[in-house]
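>>> here is a sequence with its predicted model. Questions after.
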Amino acid sequence: IAMTVTNAWSHSIVRDRTQSQSHPQGGANPRSKFVLDHPGLARFYKCFYVVQNRAVFFVHRYYPMSMTLKECVYGLGRGMGGIVDQEVLNNQGFHPLDETTIWSYVTQLVSAIRAVHRGNLACRTLQMNHILVSPDAGSGVDENAQAQVHGGDILRTNRVRLRINCVGVVDALEFEARRPIGELQIEDMRCLGRLIMSLATGTELQNDVSEETLSRCEGFMRQNYSQELHTLTMSLSARSRPGRMGLMIVNPPTIDEVCRAVAEHAFDELDSANTTIDGMDDALGAEYESGRALRLLMKLAFINERPEFGVDPRWSESGDCYVLKLFRDFVFHQADESGRPVMDLGHVVTALNKLDAGDDEKIVLASRDGKSIMVVSYGDVARYLENAFSELCNSSASMQQPLRDKGWMR
């Protein structure tokens with residue numbers, strides 16, 4: 001059972017509509033993606049059984065700083081009844097989520113469900129305690145901040161990522177009582193409808209929710225949200241109802257129909273994702289600039305005062321590499337008139353940036369005893385640095401190719 005479930009999820013491919021026409025023999029499209037590669041799913045690695053413990057283990061990817069959607073919306077130790085919890089209404093009050101935020105969550109979940117259904121699978125874990133919420137990488141929420149901010153506040157004030165967790169668990173636990181995949185996918189859509197209504201009303205709705213509770217939640221949504229969101233939610237939450245010929249089965253819309261319904265809001269989600277990507281690019285650029293300064297520092301550390309080159313005139317007190325030693329003192333060993341050290345980080349950063357750019361600005365370098373003074377440009381120092389470092393690398397053949405691969409040698 002464990003091997004079957006693992007293979008079913010690990011090798012399932014998201015198939016598009018054109019694949020059956022372009023690959024009639026059932027072969028995989030080169031552009032096809034595995035279901036588990038979808039960003040809206042918590043990565044499922046494998047399921048295995050341990051005979052000694054008589055236990056089944058499920059291995060999923062760990063996402064730091066994540067909480068369940070239930071913890072974020074309701075918090076720990078708070079009422080979970082939303083609009084039907086009188087204590088919440090009287091004491092804490094209930095503040096519904098903004099509709100834009102709900103559409104963002106719906107779009108993310110619909111995208112993940114679409115990948116699963118097109119892989120001929122079913123999620124089966126679309127409950128609030130099985131959906132992980134993580135602050136987006138560009139939202140600026142760090143671990144310390146999240147510990148101090150309530151989960152609901154993070155949901156309302158920051159962009160978050162939703163991932164469906166625990167995929168494959170129910171498939172293994174109910175393996176002997178397998179149901180048709182179409183029936184399971186219909187149940188996924190009903191769970192999505194109850195999930196949207198739970199987010200909108202603050203009331204956790206289970207499969208056995210009463211008609212009275214459902215009616216009150218529907219009325220709340222009709223008063224506080226748009227007709228579009230209300231209609232989508234109620235169509236997904238549709239139940240069987242009595243008819244002339246007995247109980248009439250009402251199926252919710254398919255995932256493709258829901259995708260068409262949320263298409264307009266998917267563009268808003270795409271814009272938000274692109275904005276986050278731009279922020280991450282800016283942060284990466286800042287880190288890259290720091291990496292360039294570190295590379296210069298490491299080159300200087302490799303070159304300055306090497307004992308094995310003490311007798312080489314090119315590395316002596318009068319050679320070109322002597323400039324690098326004086327430059328090191330110019331950057332890091334500044335002192336004031338009283339001889340006290342000057343710890344000016346701005347001076348260090350400015351000097352390293354100009355060295356990296358090979359600036360033509362002239363600087364005065366002096367020896368520690370003040371007997372040697374020379375005027376050079378940052379470009380001259382950069383040239384001496386590259387020549388000396390290349391000479392070091394050439395004398396160490398084992399380091400040449402790795403350093404070239406990393407861009408340290410030009």
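Done, it's in.
>>> name the helix or strand for residue 297, please.
Take DSSP states H and E as the rule and residue 297 turns out to sit in helix 263-303.
>>> correction: the previous question concerned residue 324.
Assigning secondary structure by DSSP H and E places residue 324 in helix 321-332.
>>> kindly export that helix (C-alpha atoms) in CSV.
Extracted C-alpha coordinates of helix 321-332, given in CSV (Å, rounded to 0.1, in the frame of the first residue of the first chain):
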residue,chain,number,x,y,z
CYS,A,321,52.2,44.0,-4.1
TYR,A,322,53.4,46.3,-1.4
VAL,A,323,50.7,48.7,-2.6
LEU,A,324,48.1,46.1,-1.6
LYS,A,325,49.5,46.0,1.9
LEU,A,326,49.4,49.8,2.2
PHE,A,327,45.9,49.7,0.8
ARG,A,328,44.8,47.2,3.4
ASP,A,329,46.1,49.7,6.1
PHE,A,330,44.3,52.6,4.3
VAL,A,331,41.0,50.7,4.4
PHE,A,332,41.1,49.0,7.8
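>>> who are the packing partners of it?
With contacts taken as 3 or more C-beta pairs under 8 Å, 6 or more residues apart in numbering; DSSP states H and E, helix 321-332 sits against helix 263-303, helix 345-357, strand 362-366, strand 373-377, helix 378-395. Every C-beta, even on glycine, is put in place using the N, C-alpha and C of the backbone.
>>> any idea which of those is most buried?
helix 378-395 (a mean of 17; mean count of other C-beta atoms under 10 Å).
>>> how far off centre is that one?
A distance of 40 Å separates the centroid of the chain from that of helix 378-395, by C-alpha atoms, centre = their mean, to the nearest Å.
>>> likewise for stretch 182-197?
For stretch 182-197, the distance to the chain centre is 26 Å (C-alpha atoms, centre = their mean).
>>> could I get the buried residue list for that stretch?
Buried residues in stretch 182-197, counting neighbours by 16 or more other C-beta atoms under 10 Å, are found at 184-197.
>>> quick one: the strands in this protein?
Remark: strands assigned in the chain by DSSP state E are 13-14, 33-34, 44-50, 55-60, 67-68, 131-135, 160-164, 241-243, 246-248, 362-366, 373-377.
>>> Serialize the ones you listed to TSV and add fields for mean pLDDT.
Below are those laid out as TSV (pLDDT from 0 to 100):
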stretch	mean pLDDT
strand 13-14	79
strand 33-34	77
strand 44-50	88
strand 55-60	90
strand 67-68	92
strand 131-135	91
strand 160-164	93
strand 241-243	57
strand 246-248	56
strand 362-366	93
strand 373-377	92
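>>> mind putting these in JSON lines, distance to residue 385 included?
Shown next, in JSON lines, are those (distance: least, C-beta to C-beta, whole Å):
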{"stretch": "strand 13-14", "distance to residue 385": "51"}
{"stretch": "strand 33-34", "distance to residue 385": "46"}
{"stretch": "strand 44-50", "distance to residue 385": "47"}
{"stretch": "strand 55-60", "distance to residue 385": "48"}
{"stretch": "strand 67-68", "distance to residue 385": "49"}
{"stretch": "strand 131-135", "distance to residue 385": "41"}
{"stretch": "strand 160-164", "distance to residue 385": "43"}
{"stretch": "strand 241-243", "distance to residue 385": "80"}
{"stretch": "strand 246-248", "distance to residue 385": "81"}
{"stretch": "strand 362-366", "distance to residue 385": "13"}
{"stretch": "strand 373-377", "distance to residue 385": "12"}
